[in-house]
Structures are given as structure tokens and as C-alpha cells.
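[1] Output the structure for:
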Amino acid sequence: MFYWVYDLSPLLAGPMFAIVFACLTWATLYIFRRFLKSIFHRDAKNNELVGLMLSNFSVLYALLVGLLAVAAYQNLTEVSTLVNNEASSLGALYRDVQAYPQPTRGMLQNDLRDYTRFTIDRAWPDQQQGIIPTEGTHRMTRFADDLTHFIPSTKSEEILHAEAYRQFNLYQTLQSSRIANVSLGIPSVFWAVVVVGSAITILLLAMLDIGIVAHVWMSGLLSAFLGLVIFLIASMDHPFRGSVSVKSAPFEDVYQSIMAPDGAILRSMSILLSDSERYGEARIEGSDIINGKKVPILFFGNVRMNGFIDIVDSVAKRGGGVATLFVKSGDDYVRVTTNVKMGDGNRAVGTLLAATSPAMKKAREGKAYYGEADILNKTYITGYEPIKNNKYETVGLFFVGYLKPTSVTPTNK
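    You can find the predicted model right below:
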């Protein structure tokens, strides 16, 4: 009912409710004492009747308002618990898929990482406006499709797959409950009774026949407190709206503690992106022969990237790990400069991004991929970003990565 209150700071809205209720009471008091007091209080017993009615009505009204405040707070805490459980379930699901073999593991992790960022960055602001988010369901459908396509080949994979499905079903139940609670609130009929009760309380306060100074102070304080209580209920009415609401912090915690790309990967990618930007815009022009294959030539500005090892070696020197530039050639992505080494120790120039790589699926969608990937029979912690030309078409890929550590974590230089 009081949707506008969610756009205001509690430090502003609370006092505003108190002042408005006090002013309404004082206005009613003025009107009654100015025009109606002489008529209504001809009989002195009427003041006793007003006092008795005010005390009895206050008990009933306080009971109603108190129950509504408890109900609003209970709704808020229950939804908060639900969101905590949902985030925990999402984290457990992410841990489950970490045990899948590549490339399934990378695809599933990226799906969950993408979904979590969507929930934090886009779904939550919608919920705070009372809008029920639907795109998140579509993103989880993509995860379900990737999960369904995996066929276990061993008994341990069957057990893992069954557990992942169980956790996924649990998460979907919690997600559906959260979405259903976006529109949760106290029914309008209750608010109507609260408003009518407030009006009766203010009227009864104004009808008392006591000294003017005491009357003004007493009625003002009581009505101001009544306004604060109603503000408190209104601020908790919708669990996802306003300052007193359920936040996305549990999802943020899960993302940062479990899902976020490795900091070293982000730093190395930043180096590669900034170095390429200094040369100019990306474009493809002409073709080259690499390992007997005709490959498009990738340029940044006027600098030809095919065979230009300085840009990838600079990343390795300043950030550690390995780096590659891919050029798009038909449906494939070809390494045109890299410091990833093959088994014979030579640079893997001219080799293709594997069609089964989880990064390939994202590349075809023109999107980034961060996660594990197998590269030339070795597992890396990776980051892939699309290279776009001035028409925002994908013409290649940036890549940085570190060999997945076994007992020693890679250090950054």
C-alpha cells in the first residue's frame, strides 16, 4: 500500500510518518475544539465516555497493529532464511559440478557463474522494484540442458550425477519459493482496517476535554508514535523492497568465495586487454599461411598480431601464466600468437581451440568464459574474452591461463 516509502531513506520516512500523524491529530484537535467542543461536551459525562472508549479501543487497535508488526517481521526473517538456504544450495551445486570431467565441468561452472551474476546484478534490483524476475529461470534451464547431456561412464560418475541432480532439484525449489515471495505482503484489507483504526484513534484523542497544553502534547506524542509503528510495518511489508529488506549478500558471498574467477587470471587478462588497446581497434585483413593452413590475419590498429609474440610474452613476464590471441577462421578459432607450449616445446601457433572446450560454446555466443579448461592435454585455470571489431563482431579471442595447481599455487610476478 505504501509503495512510495521504499524510495525514501528510513531516516526521512520515519520522522515524516510521525510528523504527518501528529499534524493530522493537531488539525483534528483544532477543528473539534473550535467548532464542536461546545456541542459535544454539554454533558460532562461525555468526556468520561470518550476516555473509556479511547482506552478500550486502544487495546483492540494495539493488538491488531502488534500482530501485523509481528507478521511483517516474521515474513522478513523467513524470506531471509530462505535466501540464505538458496545461496547455500547454489554453492553446494557449484561444488558438486567441480567433480565432473572436462569439458562438462567448465560449461556447468560457467552456467552457474553467469546465473549468479545475473541474480545479483539484474534480478535483485528488479525484485526491489516488486518485479518478478523470469530470465533467471531461462538461465537455469540452460544449466539443466548441459547437465542432462552428460552421460556418466563410471559408477562414481553415476553417483556424482545423481547427487548433482538432487542438489539441482533442491535449488529449483528454493528459487521458486524466493520468486513467489517477491510479491508477498500484508493484504490490502488489513491496511484498510489499520487506516480506519488510525482515523478513529486520532478522532478520539481530539474529542478529549482536557487542558489545551496537555491535550496538544499528549495527542501529538501518541499519534507520532502511532505513525512510527505504521512506518515500521510498512517498511517490512514487502521483504525485498526498501532499506529494511532481504539483500543479495548471501549470493555475493557464494560468488566471491567459490565462483569468482582467480584474481591472477583477472590481472593477466587486464594486462592483455590494455596492451592490445594501445595498438588500436581489432580487425581482420588478408590471410596468412600457418602450418600449411590459410588463416586470416588479425590486426590491432596497424600492428599485425599473427606471429607477434611480444604481446603474449609481456603478459607472461608481468602477470605470469600463459597468453594467446586467437583469430576467427570460419567456425574455428586459431592460435596466431601464443606462449602455450606443445609437447615438443614449440609454441602452439596454428593449433585450434578444441570444439569440445567449454570456452568454444561461449565464443560462439560472443561471450566471455572463465573457468577450467583442458588445453593440449593439460588442465588450466583460464579466462577467455571475445575480440570485437568496430562493428562489434567477434573476430577472435583473448586468452590467459595458469596450469591448474596440484600442491603448489602459481605465484604472480
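[2] for the chain, what spans make up the helices?
    In the chain, the helices defined using DSSP state H lie at 10-31, 37-40, 45-97, 104-118, 124-128, 135-149, 155-180, 188-207, 212-237, 249-254, 263-279, 310-319, 358-364.
[3] Helix or strand with the lowest mean pLDDT in this protein?
    Of all the helices and strands that make up the chain, helix 37-40 has the lowest average by mean pLDDT, DSSP states H and E, namely a mean of 76.
[4] Mind pulling the model confidence for Asn412?
    Here the pLDDT value assigned to Asn412 is 41.
[5] Report the distance from stretch 390-405 to the chain centre.
    Average the C-alpha atoms of stretch 390-405, do the same for its chain, and the two points are 26 Å apart (CA atoms, centre = their mean, to the nearest Å).
[6] Residues in contact with the least confident helix or strand of the chain: which ones?
    Taking contacts as CB atoms under 8 Å, 6 or more residues apart in numbering, the residues outside helix 37-40 that touch it are Phe32, Asn46, Met207, Asp209. Glycine gets a C-beta too; all of them are placed from N, C-alpha and C.
[7] The same query, at a cut-off of 7 Å, please.
    Contact partners of helix 37-40, identified using CB atoms under 7 Å, 6 or more residues apart in numbering, comprise Asn46, Met207, Asp209.
[8] In contact with Lys69, which residues?
    To be clear, residue 69 is Ala; Lys isn't right here. Applying CB under 7 Å, 6+ apart, one finds that Ala69 lies in contact with Val229, Leu232, Ile233.
[9] What's the local residue count around the closest residue to Phe32 other than its chain neighbours?
    Among residues not flanking Phe32 along the chain, Ala206 sits closest, at 4.4 Å (CB to CB, 6 or more residues apart in numbering). Each residue near Ala206 was counted by other CB atoms under 10 Å, and the total is 23.
[10] What separation is there between the residue most central in space within the chain and Ala249?
    The centroid of the chain falls nearest to Ile120 when counting by CA atoms, centre = their mean (0.9 Å). For Ile120, the distance to Ala249 under the criterion CB to CB, to the nearest Å works out to 9 Å.
[11] Repeat that for Lys37.
    Relative to Ala249, Lys37 is positioned 55 Å away (criterion: CB to CB).
[12] Count the residues that sit near the nearest residue to Asn84 once chain neighbours are set aside.
    Excluding the flanking residues, the one nearest Asn84 by CB to CB, 6+ apart is Pro250, at 5.0 Å. As a burial measure, Pro250 scores 18 neighbours (other CB under 10 Å).
[13] thought Pro250 was touching Ala87?
    Yes. The pair Pro250 and Ala87 qualifies as a contact (CB atoms under 7 Å) at a distance of 3.5 Å.
[14] can you pull the contacts of Pro152?
    Counting by CB under 7 Å, 6+ apart, the residues that Pro152 touches are Glu158, His161.
[15] rerun that using 8 Å as the cut-off
    Taking CB under 8 Å, 6+ apart, we find Pro152 in contact with Glu158, Leu160, His161.
[16] Just the buried subset of those, written out for ChimeraX, thanks.
    Here is the ChimeraX command that selects only those of the contacts of Pro152 that count as buried (16 or more other CB atoms under 10 Å):
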select :160,161
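[17] May I see the contacts of Pro152 arranged in CSV, with distance to Pro239 and pLDDT as well?
    Written out in CSV, the entries for the contacts of Pro152 read as follows (distance: CB to CB, whole Å; pLDDT from 0 to 100):
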residue, distance to Pro239, pLDDT
Glu158, 40, 92
Leu160, 35, 92
His161, 35, 93
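[18] quick check, nearest of the contacts of Pro152 to Tyr255?
    Leu160 (22.9 Å; CB to CB).
[19] Can you tell me how far that closest one is from Gln98?
    As defined by CB to CB, Leu160 lies at a distance of 10 Å from Gln98.
[20] now swap in Ile132 and tell me
    In this structure, Ile132 and Gln98 are 31 Å apart, going by CB to CB.
[21] Now do Ile210 against Ser257, distance only.
    Distance, Ile210 to Ser257, using CB to CB: 62 Å.
[22] In terms of neighbours, single out the busier of the two.
    Ile210 (12 against 9).
[23] Can you name the residues that contact that one?
    By CB under 8 Å, 6+ apart, the residues touching Ile210 are Met218.
[24] go with 6 Å
    Contact criterion CB atoms under 6 Å, 6 or more residues apart in numbering gives no residues in contact with Ile210.
[25] Would you quantify the distance from it to Phe32?
    Counting by CB to CB, the separation of Ile210 from Phe32 is 12 Å.
[26] Cool, thanks, talk later.
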